[in-house]
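> Fold the following for me, if possible:
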Amino acid sequence: MKSVQLQYAKARLSQLVSGLETEGPTVITVRGREAAVLVSKREFDRRGRARGSLLDFLRASPLKGTTMDLVRDRSLTRKVEL
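So this is what the prediction gives:
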């Protein structure tokens, strides 16, 4: 994955966007630390695609069928002077 400084990305954004399909994602750094990733729309859609519903995820959970002992705190709320 290519890495460029923010100043370079600002000056050459058109070139970076044009190269996303062939060169892949580009990491943008600020003061030497990774701050953002520039990806093509196609790659963004591919990675962002849902892989099933929340219900499917919960049904496949290894914790399915286990019980949780939840105890609610029944104490009164504290008094606050306004």
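> quick one: contacts for the residue nearest in space to the middle of the chain?
By CA atoms, centre = their mean, the chain has its centre lying nearest to residue 48, at 9.3 Å. Contact analysis of residue 48 by CB atoms under 8 Å, 6 or more residues apart in numbering lists nothing. For every residue, glycine as well, the C-beta is placed using N, CA and C.
> try residue 32
Residues near residue 32 by CB under 8 Å, 6+ apart: none.
> What pLDDT is listed against it?
The model reports residue 32 with a pLDDT of 94.
> so how far is residue 5 from it?
Computed as CB to CB, to the nearest Å, the residue 32 to residue 5 distance reads 9 Å.
> pLDDT averaged over stretch 14-29, what's the number?
When pLDDT is averaged along stretch 14-29, the result is 94.
> Residue 64 - how many residues pack around it?
By the criterion of other CB atoms under 10 Å, residue 64 has 8 neighbours.
> again with residue 9
Here the number of neighbours of residue 9 (other CB under 10 Å) works out to 20.
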